[in-house]
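Trainee: from the sequence below, what's the structure:
(chains A and B)
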Amino acid sequence: MLAFTSLGGANPGGVGDGDFDMQCGGACHGDASQNQTSPALLELSIDSDVYFGLPVSITASVSGIQFSSSDAIGLFLLTDVTGHSDLPEDGGWKVISDVNGGDNNYVEIGGSSLDEAYTISWTLKPTVIESTTFYLSIHHGGQNTPYFAISSGLNIDVLPVPDNLPRLSSEYSPIISRDLGQQTTVSVATSDVDQLAIEWRLVDRPSNSINATLVDNNSWEFELPPALQPSIIEWRAVMDGDGPTQITPWFRIAAQEPALEVNQLQVYLQSLAFCIFFLSLILTLQSRYLNNQEDLPTEIDQTNLLPKQENSVGSTPPLPEGGLPNGWTTEQWKWYGHEYLEDLK
Amino acid sequence: MEMVRARIFGGLEMISSATFHVITTELVVGSFAMAGICFLVLAIQSFGVFESEKASLVTDYAGHFALGFGLLATPFAIFSGISSSPTSDLSSPLLVNKMFFSMIATGLAIAVLFTRTKAGNQLWASKPSSLIQSAAGLAASGFMLMTASSGGKFSRGESVLDFLSLPVDTIFLMPTWVSAIILVAGVVSAIVAVINLQKPSAVEH
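Mentor: Numbers count the residues shown, from 1 in each chain, chains lettered A, B, ... in the order given. Have a look, this model is predicted:
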């Protein structure tokens, strides 16, 4: 089995997207002390003011890494470099969507596309009014060596929302996934918005514009076409109102295979049936062979059919009148005396 | 950071269920792997390839002890695994097959331990019973390793058993009534077998 593993300290298969601290909980690279410094150039940027409760996009740029085509990299968006309590949530931010269609601070990307500068983004929402410093960290492998690097900090000040600013509702969380083939109706909750236009696109494709329908006070809806294969669709809202026109970051919706739907009772019952079946199978076989093992000597043991010589031999026959016959010893009488008595009869 | 916390013993905040699952699975897999090696040695001896009274004694005790220890940790691994799943339910064929594999291993391990307890050393006196015991112990270890392999496939997308191309992405799901019949028949058979094994003539010599 050792032949199937690589000798590197990195995990070449990755660990999947998730919420991970700077060292991935030890899951990405087995021993952080073995990490070499990555030559990657990392940079974080943001292109708009950040208001309390409103989504914003943080862009990460990565360049300067040489990969083999099978390698993957892991990118972390962090709020601290101490290695613990460093998730955006710990800094008062909520990750709304990531580049892979999830809502994680750690994402994995195929290394083959990283020959040149590569850009990804997270959409987040601040939940507290305070300054936060963000960092971009990278884990990757190369030549059986784990590499690690972290960017310089990007300080972001969260501002209170100005009056009459057209905006999404602070409680609004967009959907980030849908099933294949599903016509999707997206609801949007806003504040101080008179007109809402939607731009949507497939990743790196030209965008389309549609108008959202006002459903209720500050509640809008629009529809996205169904996806026929796993893919990611992006959309953003252009909001008009009394204040200056606002454009939201791109939100991502991943279309994926529907999750497996099984009757859990059915699964648990079958599991239990398997357990009992194999248990009874072994017990039945063993009880049969163990019993046969006992029966076998019983079948061939026919000693009870033999004359009980021990009784006839073991008990000394009574002496005849006159005592022990001439020429007999006591020992001979004990064993053959009964034959002498038989002859006398 | 929002994470699911396992609360054990009246609100005492403990480790996350995912970490607890890692601990218990390592205990289970380690124990079953050791048991598997011991039962492999016993199986080889059952075929008469080599004979060593000392090796037989050591592997007999070590194998059954390891199997019992792994069996004790198995329920914790199963339930912590379910609760640490992202959706806390059986959302993937891999998770369903993990459940099947682990329960089959559990059934085999219980049978092996029960038989060893009831029959004692007499178990190794005949070739059929020693072969069944060794094979069942090996199968229990194998199914538990397949369970761990499915877990690795689910969480990391790869497993060392990938070269076997096991159909872990496919579910063999029976109708509920079939499972119920097998369950009832299995229980009845198990009771009969246990009664037979508990006959003094069968196991005491």
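
Trainee: tell me where the stretch 1-150 of chain A has strands.
Mentor: For the stretch 1-150 of chain A, the strands defined by DSSP state E, counting those that start in this stretch cover A:36-37, A:41-46, A:50-51, A:56-63, A:72-78, A:93-97, A:106-110, A:118-126, A:132-142, A:145-150.

Trainee: then the fifth one to PDB, C-alphas only?
Mentor: Spelled out, it's strand A:72-78. Extracted C-alpha coordinates of strand A:72-78, given in PDB (Å, rounded to 0.1, in the frame of the first residue of the first chain):
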ATOM      1  CA  ALA A  72      -4.200  21.700  -6.700                       C
ATOM      2  CA  ILE A  73      -3.900  24.700  -4.400                       C
ATOM      3  CA  GLY A  74      -5.800  25.700  -1.400                       C
ATOM      4  CA  LEU A  75      -6.600  29.300  -0.800                       C
ATOM      5  CA  PHE A  76      -7.700  30.700   2.600                       C
ATOM      6  CA  LEU A  77      -9.300  34.000   3.400                       C
ATOM      7  CA  LEU A  78      -8.300  34.800   7.000                       C
END
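
Trainee: which other helices and strands contact it?
Mentor: The contact analysis (3 or more CB pairs under 8 Å, 6 or more residues apart in numbering or on different chains; DSSP states H and E) places strand A:72-78 against strand A:56-63, strand A:106-110, strand A:118-126, strand A:132-142. (C-beta placed from N, C-alpha, C; glycine too.)

Trainee: I'd like these laid out as a markdown table, including distance to chain B.
Mentor: A markdown table is the format used below for the helices and strands packed on strand A:72-78 (distance: least, CB to the nearest CB, whole Å):
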| stretch | distance to chain B |
| --- | --- |
| strand A:56-63 | 18 |
| strand A:106-110 | 10 |
| strand A:118-126 | 14 |
| strand A:132-142 | 14 |
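
Trainee: highest mean neighbour count out of the ones you listed?
Mentor: Counting by mean count of other CB atoms under 10 Å in any protein chain shown, strand A:132-142 has the highest mean neighbour count of the helices and strands packed on strand A:72-78, with a mean of 23.

Trainee: quick one: which of the strands of the stretch 1-150 of chain A is nearest A:Pro258?
Mentor: Smallest distance to A:Pro258 across those (CB to CB): 20.0 Å, for strand A:93-97.

Trainee: got the CA coordinates for that closest one in CSV?
Mentor: Provided in CSV are the C-alpha atoms of strand A:93-97 (Å, rounded to 0.1, in the frame of the first residue of the first chain):
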residue,chain,number,x,y,z
TRP,A,93,-17.8,38.7,8.7
LYS,A,94,-20.1,36.2,7.0
VAL,A,95,-19.0,34.4,3.9
ILE,A,96,-21.9,34.5,1.4
SER,A,97,-20.3,32.8,-1.5
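
Trainee: and that strand with strand A:118-126, angle?
Mentor: On the basis of axes from the mean of the first three to the mean of the last three CA atoms, to 10 degrees, strand A:93-97 is oriented at 130 degrees to strand A:118-126.

Trainee: near chain B at all, strand A:93-97?
Mentor: No - applying CB under 8 Å from any CB of the partner chain, one finds strand A:93-97 separated from chain B by no less than 9.3 Å.

Trainee: what packs against that strand?
Mentor: The elements that strand A:93-97 packs onto, with contact taken as 3+ CB pairs under 8 Å, 6+ apart, are strand A:118-126, strand A:251-256.

Trainee: so that strand versus strand A:132-142, what angle?
Mentor: For strand A:93-97 against strand A:132-142, the angle by the same axes, to 10 degrees is 50 degrees.

Trainee: partners of strand A:93-97, with directions?
Mentor: Here strand A:93-97 is paired, per DSSP bridges, with strand A:118-126 (antiparallel).

Trainee: buried set for stretch A:206-213?
Mentor: Under the neighbour-count criterion of 16 or more other CB atoms under 10 Å in any protein chain shown, stretch A:206-213 has A:Ala212 buried.

Trainee: what lies in contact with that stretch?
Mentor: With contacts defined as CB atoms under 8 Å, 6 or more residues apart in numbering or on different chains, stretch A:206-213 is touched by A:188, A:195-201, A:220-223, A:237.

Trainee: could you rerun that using 7 Å?
Mentor: Identification of contacts with stretch A:206-213 by CB atoms under 7 Å, 6 or more residues apart in numbering or on different chains yields A:Val188, A:Leu196, A:Ala197, A:Ile198, A:Glu199, A:Trp200, A:Arg201, A:Trp220, A:Glu221, A:Phe222.

Trainee: domain assignment for chain B?
Mentor: Residue ranges of the domains in chain B are recorded as B:5-168, B:174-205, according to automatic domain parsing.

Trainee: can I get the ones you listed in TSV with mean neighbour count and distance to chain A?
Mentor: TSV is the format used below for these (neighbours: other CB atoms under 10 Å in any protein chain shown; distance: least, CB to the nearest CB, whole Å):
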stretch	mean neighbour count	distance to chain A
domain B:5-168	19	4
domain B:174-205	16	4
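
Trainee: can I get those in CSV including mean pLDDT?
Mentor: Putting those into CSV (pLDDT from 0 to 100) gives the following:
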stretch, mean pLDDT
domain B:5-168, 83
domain B:174-205, 83
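
Trainee: what's the closest of these to A:Ile138?
Mentor: Proximity to A:Ile138, assessed across those by CB to CB, is greatest for domain B:5-168 (19.1 Å).

Trainee: now distance to A:Ser287 too, for the domains of chain B, in a markdown table please.
Mentor: Listed next are the domains of chain B as a markdown table, based on distance: least, CB to CB, whole Å:
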| stretch | distance to A:Ser287 |
| --- | --- |
| domain B:5-168 | 8 |
| domain B:174-205 | 4 |
